[in-house]
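Q: Quick one: sequence plus predicted model below, questions after.
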Amino acid sequence: MKEERENYRDDDLIEAVNRFKRSLISGRTKYFDVAEFESIVEQLLEEGDYKGSKIAAEQGIHIHPNAVTLQLKYAQVLINTGKYKESLNYLRFAETVDSNNPDVHLLKGSAQMVIGNEPEALISFNKAIKYAGKDIDEILHNISSTYIQVGKISKAIYYLEQANRANPKNEFVLNDLGFYYDQARLYEKSIKYYNKYIDLDPFNDAVWFNLGTVYNKTDKHEKAIEAYEFALAINEDFYMAIFNIGNALANAERYEEAIDKYSEYIETEPLNSDAHCYIGECYLNLDDHGEAEFYYNKALEFNKKNDTAIFGIGLVLWINKNYTESIKSIKKAIKIDKQNSEYWFILGRVNIDSGNNEDALKALKQAARLDAGNIEIWLTWTDLLAENDDIKAAIRILKRGIKNNIDVILKYRLVALFLEIKNEKEAFELLITAMKQEFQQINYLFDIYPKSLKNNGLNKVIDDFRRDNNME
C-alpha cells in the first residue's frame, strides 16, 4: 500500500484532493480507493486543514472499514489535533488487525508519551523498532521527534544516534543531531554532525549557516566566517549570513571589518535596529564614543525598545563619567529586560563609581542571582564590601560565590580575606584546596594581597605543597 501511494502521481493527487474538496461543498460523498484517501488525508494535514483531513479519514474508514492504513491516518489526525487518548482506540484496533505494522506501534507510543505514560510508550516504541525492517532509521527518527515534543532532548539524541548508526546517510537525522547537540550545548558534537551532513550535501545553505553559528559559539570565528560565506555563495539572497559574518568578525575583535559587513547588511535592511546597534558596539570597542552613540541612537529610531542600544548609550555615558544619566539609561534597559545579568552588573559598577554603594549592592545581588557563574560579579561585590571595611560580609558573599562557581580565583580571593583578618588556619586550608585545583593561579593571590609574600607560615605551606607534589 505504501509503494502504491508513493507511485501515485502528483497530478492524480491534486485531482483527487480537488474532487474531495468539491464533494465537501456539494455535500455528496465521493468514492476514493484506499491509496487516494491516504493521500488526501496527508495533503490536507500538510495544508493545516485538520477539519478536512478528519472528514476524509472518517469517510475513508466508512468506505474501507478494514483498511489499517486509514485507521492509522485517522489516529494521526487525532494526534495532530491533540486528541491523544481518542487516537489510542483506533490504534488498538489497527494493532489487532496488523500487529507487525511498525507505524501502528510508533503512533501508539507517541500518543502514550504525550499523555505521560512513558513505560507503555517504550513498549510500543520497542515493537516499532522490532518490526521496522529496512525503515529502522526512519522509525528511530520519528521516536526521537516524540521525545523532542515532550522536551526530553537527551532521550531524543539517544534515538537520533541509533538512527545514525542504522543509516549514516540519513540527512534528516544528521541535521537534527547537529541542531539538538547545539541546543544541548555540546558544540563539538554539533559541529561533527553538521560536517557529516555537508559531506553528503555540500550545497545546503541552511546547514552551512547553522554550522557557522556553532563555530561562532565555540570562538572558532575564522571557521564561522568561512561557513557563512559558503552559505552566501550558495544563496546570494541569504542576507542573515552577511549579518552573522559581521558578528563573527566582531567576536574576533576585527571591528573595522565587522562594521563594513553590518553596513553591507544595512543596504538590504536599512531599518534594521540590531545592525545599527552592533555597529555602535564596534565603535565603542574602538573607543570612538561619538560614533558609538550616533549608531545607538540610530538603532533607537527604528526600535525605541532596543534595550541593547539603550544599555550601550549607558556605557558611553559611564565612560564619560556622566554617572547620573548613565544610571538612568541602564535602568531603562533593565525595565525592558529584567533578566539580563550584565545590565545589573554594570549598574552596580556605575553606582560604585558614583558613590551609591547601597544601590550598587542591590544591583550586584540581583546580577549574582541571575548569573551565579560570573566570577566578576562575586569579585566586585566582595571588593565593595571589603573596601568599606565589612570583611565578614565580604567573606560570607565570597563563600556563596564559591558554592555557585568552581573557578579557583574565588578561592584565592577568599584566602586573601582570611589572611587580612589573621585567620591563618582557614586561609592555609583553603590555600591547599586552591593549589590542588590550579596551582598556577597562585600569582593572583600575590597580586591582590602582596603581604602574603612575606607571610612565613603561608610560604611554608606553599613550599611543602611543592615538595609533596614534586614541583621543586
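A: Yep, it's here. Computed from a prediction, not measured in an experiment: that's the story for all the values here.
Q: which sections of the protein are below the confidence cut-off?
A: 1-11, 472 (pLDDT under 70).
Q: Closest to the centroid, which residue in it?
A: Residue closest to the mean C-alpha point of the chain, counted by Cα atoms, centre = their mean, is residue 183 at 4.2 Å.
Q: In space, what's closest to that one - neighbours in sequence excluded?
A: Once flanking residues are discounted, residue 183 sits nearest to residue 153: 6.1 Å by Cβ to Cβ, 6 or more residues apart in numbering. Using the backbone N, CA and C atoms, a C-beta is placed for each residue, glycine as well.
Q: Would you confirm that that neighbour contacts residue 180?
A: Yes: counting by Cβ atoms under 8 Å, residue 153 sits close enough to residue 180 to count as a contact (5.7 Å).
Q: The two - which one has more neighbours?
A: residue 180 (21 against 15; other Cβ atoms under 10 Å).
Q: which parts of whichever strand or helix holds that one are buried?
A: Assigned by DSSP states H and E, residue 180 belongs to helix 171-183. Neighbour counts using 16 or more other Cβ atoms under 10 Å place 173, 174, 175, 176, 177, 178, 179, 180, 181, 182 of helix 171-183 among the buried residues.
Q: Just give the closest residue to the third one, not the sequence neighbours.
A: The one in question is residue 175. residue 197 (5.6 Å).
Q: secondary structure class for that neighbour?
A: Put simply, residue 197 is helix when judged by DSSP: H, G, I helix; E, B strand; the rest coil.
Q: Please tell me how far it sits from residue 224.
A: 17 Å (Cβ to Cβ, to the nearest Å).
Q: and the nearest residue to residue 67 once chain neighbours are set aside, how many residues sit next to it?
A: In space, and not counting its chain neighbours, residue 67 is closest to residue 34: 4.7 Å by Cβ to Cβ, 6+ apart. Neighbours of residue 34 under the rule other Cβ under 10 Å: 19.
Q: how far away is residue 34 from residue 471?
A: Counting by Cβ to Cβ - residue 34 and residue 471 are separated by 78 Å.
Q: again, but for residue 345
A: On the measure of Cβ to Cβ, residue 345 and residue 471 end up 36 Å apart.
Q: ok, the two, which is more surrounded?
A: residue 345 (22 against 11).
Q: wait, doesn't the more buried one sit right on residue 376?
A: Yes: counting by Cβ under 8 Å, residue 345 touches residue 376, with 7.1 Å between them.
Q: related to what we said a few turns ago, send the alpha carbons of the helix holding residue 180 over as PDB?
A: What follows is helix 171-183, C-alpha atoms only, in PDB (Å, rounded to 0.1, in the frame of the first residue of the first chain):
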ATOM      1  CA  GLU A 171      20.400  13.700   6.100                       C
ATOM      2  CA  PHE A 172      17.400  14.500   8.300                       C
ATOM      3  CA  VAL A 173      19.000  12.600  11.200                       C
ATOM      4  CA  LEU A 174      22.300  14.300  10.700                       C
ATOM      5  CA  ASN A 175      20.700  17.700  10.600                       C
ATOM      6  CA  ASP A 176      18.700  17.000  13.800                       C
ATOM      7  CA  LEU A 177      21.800  15.700  15.500                       C
ATOM      8  CA  GLY A 178      23.600  18.900  14.600                       C
ATOM      9  CA  PHE A 179      20.700  21.100  15.800                       C
ATOM     10  CA  TYR A 180      19.900  19.300  19.100                       C
ATOM     11  CA  TYR A 181      23.600  18.900  20.100                       C
ATOM     12  CA  ASP A 182      23.800  22.600  19.700                       C
ATOM     13  CA  GLN A 183      20.700  23.100  21.900                       C
END
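Q: which other helices and strands contact it?
A: helix 136-149, helix 153-166, helix 187-200, helix 205-217 (3 or more Cβ pairs under 8 Å, 6 or more residues apart in numbering; DSSP states H and E).
Q: Do me a favour and get the end-to-end distance for stretch 247-266?
A: 14 Å (Cα to Cα, to the nearest Å).
Q: do stretch 172-192 as well
A: End-to-end for stretch 172-192, by Cα to Cα: 15 Å.
Q: ok, and what's touching that stretch?
A: Stretch 172-192 is contacted by residues 137, 140-141, 144, 148, 153-154, 156-157, 160-161, 163-164, 167, 193-194, 196-197, 200, 207, 210-211, 213-215, 217-218 when judged by Cβ atoms under 8 Å, 6 or more residues apart in numbering.
Q: now with 7 Å?
A: Contacts to stretch 172-192, defined as Cβ atoms under 7 Å, 6 or more residues apart in numbering, come from residues 137, 141, 144, 153-154, 156-157, 160, 163-164, 193-194, 196-197, 207, 210-211, 214-215, 217-218.
Q: Could you tell me which of these count as buried?
A: Buried, going by 16+ other Cβ under 10 Å: 137, 141, 144, 156-157, 160, 163-164, 193-194, 196-197, 207, 210-211, 214-215, out of these.
Q: From residue 35, how far out is residue 426?
A: From residue 426 to residue 35 the distance is 79 Å (Cβ to Cβ).
Q: the more surrounded of those two?
A: residue 35 (21 against 15).
Q: Could you check the longest helix along the chain and say which residues are buried?
A: Across the chain, the longest stretch assigned as helix under DSSP state H is helix 10-26. Residues 13, 16, 17, 20, 23 are the ones in helix 10-26 that count as buried (16+ other Cβ under 10 Å).
Q: Format those residues as TSV; extra columns: distance to residue 231.
A: As requested, the buried residues of helix 10-26 are exported to TSV (distance: Cβ to Cβ, whole Å):
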residue	distance to residue 231
13	33
16	39
17	35
20	40
23	45
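Q: What is the nearest of those residues to residue 74?
A: Using Cβ to Cβ, the shortest approach to residue 74 within the buried residues of helix 10-26 belongs to residue 20, at 15.1 Å.
Q: Which strand or helix spans the closest residue to that closest one other than its chain neighbours?
A: Among residues not flanking residue 20 along the chain, residue 40 sits closest, at 5.1 Å (Cβ to Cβ, 6+ apart). Assigned by DSSP H and E, residue 40 falls within helix 34-47.
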